[in-house]
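In: Sequence and predicted model, in that order:
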Amino acid sequence: AQSVTQPDIHITVSEGASLELRCNYSYGATPYLFWYVQSPGQGLQLLLKYFSGDTLVQGIKGFEAEFKRSQSSFNLRKPSVHWSDAAEYFCAVKAAGNKLTFGGGTRVLVKP
Amino acid sequence: DGGITQSPKYLFRKEGQNVTLSCEQNLNHDAMYWYRQDPGQGLRLIYYSQIVNDFQKGDIAEGYSVSREKKESFPLTVTSAQKNPTAFYLCASNGDTQYFGPGTRLTVL
């Protein structure tokens, strides 16, 4: 069965600093991978997705993610964090039947 | 304006009552999903439907029921059999990508 691990439950970063969120997946076939962001009390917003092709994927809000098959990873990065990036971030892999399996999430706190 | 709407945003229920959460989409998606989210946890799949008049149990279906009579609508009923229903409920629909509604926060008093 597929699974997604986000090793970091919380990350604190200073405004203007770079951010990297880790995501490792387990899936037997070629994965379709997603990153979503959730502000408190809100639904999930899609940041970016990887289906095939270029392994470096650009998303909204200045985020990018890199798919590394050899490491079963799909880490999310942003070069310079803004205070509005404080939120919870979820990595997900699509399995059969279009179902998504989510990681446990990483909460990002931004220090002024 | 395309998207997914959920209502109400906040819902309070007394123990022993059934309650129905609404989910509507105008994205023309065949597949729709219900997730439950608890504080500090990821999303867990309750039910999903890939086509009208058909639906399947997800990982935590006990105490919940759904219907899919129309493509646009996928209501979720939280029954009195659900032992711990207080949570944040998210509805989603799927083309090649899954999109989410704004959520309903259910509190059992």
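Out: Nice, I can see it.
In: With just CA atoms, put whichever strand or helix holds residue B:93 into CSV.
Out: Secondary structure assignment for residue B:93, by DSSP states H and E: strand B:87-94. The C-alpha coordinates for strand B:87-94 follow below in CSV (Å, rounded to 0.1, in the frame of the first residue of the first chain):
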residue,chain,number,x,y,z
ALA,B,87,-13.6,17.3,13.7
PHE,B,88,-13.0,19.4,10.6
TYR,B,89,-14.6,17.8,7.5
LEU,B,90,-13.3,18.5,4.0
CYS,B,91,-14.9,17.7,0.7
ALA,B,92,-13.0,17.4,-2.6
SER,B,93,-13.6,16.6,-6.2
ASN,B,94,-11.2,15.3,-8.8
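In: mind checking how far the residue nearest to the spatial centre of chain B is from residue B:18?
Out: Nearest to the mean C-alpha position of chain B, by CA atoms, centre = their mean, lies residue B:34 at 3.5 Å. Here residue B:34 is placed at a distance of 15 Å from residue B:18 (CB to CB, to the nearest Å). To be clear about C-beta, it is placed using only N, CA and C from the backbone, and glycine gets the same treatment.
In: what's the pLDDT at residue B:101?
Out: Among the per-residue scores, residue B:101 holds a pLDDT of 96.
In: Please tell me I have it right and it contacts residue B:9.
Out: No. At 10.2 Å, residue B:101 does not count as touching residue B:9 under the criterion of CB atoms under 8 Å.
In: more crowded one of these two?
Out: Using other CB atoms under 10 Å in any protein chain shown, the more surrounded residue of residue B:101 and residue B:9 is residue B:101, with 25 against 10.
In: got the residues of chain B near chain A?
Out: B:4, B:6, B:31, B:33, B:40-43, B:45, B:48, B:50, B:56, B:58, B:88, B:90, B:92, B:94, B:96-103, B:105 (CB under 8 Å from any CB of the partner chain).
In: Take these and keep only those in strands.
Out: B:4, B:6, B:31, B:33, B:43, B:45, B:48, B:50, B:56, B:88, B:90, B:92, B:94, B:98-100, B:105 (DSSP state E).
In: which of those are buried?
Out: B:4, B:6, B:31, B:33, B:43, B:45, B:48, B:50, B:88, B:90, B:92, B:94, B:98-100 (16 or more other CB atoms under 10 Å in any protein chain shown).
In: which residues touch the nearest residue to residue B:13 once chain neighbours are set aside?
Out: Nearest residue to residue B:13, sequence neighbours excluded (CB to CB, 6 or more residues apart in numbering or on different chains): residue B:19, at 4.7 Å. Counting by CB atoms under 8 Å, 6 or more residues apart in numbering or on different chains, residue B:19 touches B:11, B:13, B:77, B:78, B:106.
In: Next, the first one: secondary structure please.
Out: Reducing the assignment at residue B:11 to three states with DSSP: H, G, I helix; E, B strand; the rest coil gives strand.
In: That one reaches residue B:104, doesn't it?
Out: Yes. Judged on CB under 8 Å, residue B:11 makes contact with residue B:104 at a distance of 5.8 Å.
In: Who has more neighbours out of the two?
Out: residue B:104 (22 against 17).
In: Now do that one against residue B:91, distance only.
Out: The separation that residue B:104 has from residue B:91, given CB to CB, amounts to 8 Å.
In: Check residue A:98 too.
Out: 15 Å.
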